[in-house]
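# Quick check, what structure comes out for this input:
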Amino acid sequence: MQENLQNFNYEVFVSKTMLDMLLYSDDPWDSSFYQLIILSESLSNRELKLLVPKLKKKNAVIFRKYLCEPINKEKGVLEELGIDQWIPREIGTDVLRELISECTVPVIEEVKEKQHTETIEEIVMDLTKNQNKCFSKLYEAQASIVSREELCKYIWDDEPTRSNLAQLSVLTKSLRQKLMRKGFSSTIIETVWGKGYHLNKEFYTVYHTPYQ
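Numbers count the residues shown, from 1 in each chain. This next block holds a predicted model:
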C-alpha cells in the first residue's frame, strides 16, 4: 500500500512515535498537516476509540485498514467515531486512488479573515439539498448542539440508521469545506464527540437574522 501511495505522488510517513504521542501525550503532534491518515489493522478497537476523536478534532480524513471486514455492529460503533473509509489490506490500486480522491477534497483556508458580504441565502445557493437541510438545522439551533440522530431524522425524514449516521459524517465534512471556501474557519462546524454538532458562535456574529 505504501508503494501504491507513492506511485500517486503522495509523500508517505510511517511513525509509531507519533502513534504513541497521540495515545499517551497531552500535547500530541499536529495531524492537520497530513491529507490522509490510514490506521493499521494492528490497532485494537480500544486504541481506535482513543485515537479517532483526537484526530477528528483536526478534521483529519481517516481510513481504517482491516484483514477481515468487521461485523456490522462493530463497524457501526467505530463509524460513529468518524472513520471515513474501511479498506482491506490488499486493496486494488484503482480503488484506493478513487477513495482518496472522494475523501480528500483540497481546501484552502484564508490566512486573513475574510469580510463576509454575502447574505445567508447567497451562502447556501451552492449547497446540495442535504447540505442545505443540515445547515438549516444547525443554524436554527443557535450554536446549541444538535445530536447526530436528530440531524439524521431531519435530513432523511426517517429514523436514523447506521448507514445514515455514516453518511452524516461525510455530509458535515463536505458542508464544513464549502463554508471554509467562503472564508470561515475550519471550526465553523464543531463536532462534540458522543453528542453531535453545532455551528460555531462566530457565524452568529456576522449573521443575526433568521434563515428560512
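
# If we go by neighbour counts, what in the lengthiest helix in the chain is buried?
Taking DSSP state H as the criterion, the chain has its longest helix at helix 162-181. Residues of helix 162-181 classed as buried by neighbour count (16 or more other CB atoms under 10 Å): 164-169, 171-180. Yep, even glycine has a C-beta here, placed from its N, CA and C like the rest.

# and the nearest residue to residue 196 once chain neighbours are set aside, backbone torsions?
Counting by CB to CB, 6 or more residues apart in numbering, residue 196 lies nearest to residue 147, which is 4.1 Å off, once chain neighbours are set aside. Per-residue torsions, residue 147: phi -70, psi 160 (degrees, to the nearest 10).

# count of neighbours near residue 147?
Each residue near residue 147 was counted by other CB atoms under 10 Å, and the total is 14.

# got it, and residue 68?
Residues lying near residue 68 (other CB under 10 Å) number 8.

# Which elements pack onto the longest helix of the chain?
Applying 3 or more CB pairs under 8 Å, 6 or more residues apart in numbering; DSSP states H and E, one finds that helix 162-181 contacts helix 72-81, helix 129-140, helix 148-156, strand 189-192.

# how about those, which one is nearest residue 89?
helix 72-81 (16.2 Å; CB to CB).

# okay, the helix or strand just after that closest one in CSV with CA atoms only?
Heading C-terminal from helix 72-81, the first helix or strand you meet, by DSSP states H and E, is strand 85-88. Extracted in CSV, the C-alpha atoms of strand 85-88 (Å, rounded to 0.1, in the frame of the first residue of the first chain):
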residue,chain,number,x,y,z
GLN,A,85,-13.5,4.7,4.9
TRP,A,86,-12.7,1.0,5.6
ILE,A,87,-10.1,-0.5,3.3
PRO,A,88,-8.8,-4.1,3.0
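
# Please consider this matter closed, and thank you.
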